[in-house]
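Fold the following.
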Amino acid sequence: MLKRFVVLAAVAVLVAIALWAYVWRPALWLLLLVGPAAGVLIHDLVQVRHTILRNFPLLGHLRYFFEDFRQHVRQYFIQADDE
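Model (predicted):
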């Protein structure tokens, strides 16, 4: 129920910004910033494979980014666990 409300709210915000951009052209920049974030939000709420992305849509991507980045940081700055 809440998921459906959030998806509908994200779509409504996108439509409102698009209508505003029709009247005032500089609002297209706002659509370029908010549009991809809303798209990722909607995709993450609808998908069923990753629980973290479903529960924390945008912050979950940061977790996976830092999880991937961790091995590079350990390689250069932190010694291995057995040393």
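
List the contacts of the spatially most central residue of the chain.
Nearest to the geometric centre of the chain sits residue 58, at 3.3 Å (Cα atoms, centre = their mean). Taking Cβ atoms under 8 Å, 6 or more residues apart in numbering as the criterion, residue 58 is in contact with 37, 40, 41, 44. Any C-beta I mention is one placed from the backbone N, CA and C, and that applies to glycine too.

residue ranges with poor pLDDT in this protein?
Confidence mapping of the chain against pLDDT under 70 gives the ranges 79-83.

Do a quick rundown of the helices in it.
Using DSSP state H, the helices found in the chain span residues 2-23, 27-46, 51-55, 57-77.

sorry, back to before: I'd like the distance between the residue nearest to the centre of the chain and residue 17.
Distance check for residue 58 against residue 17: by Cβ to Cβ, to the nearest Å, it reads 18 Å.
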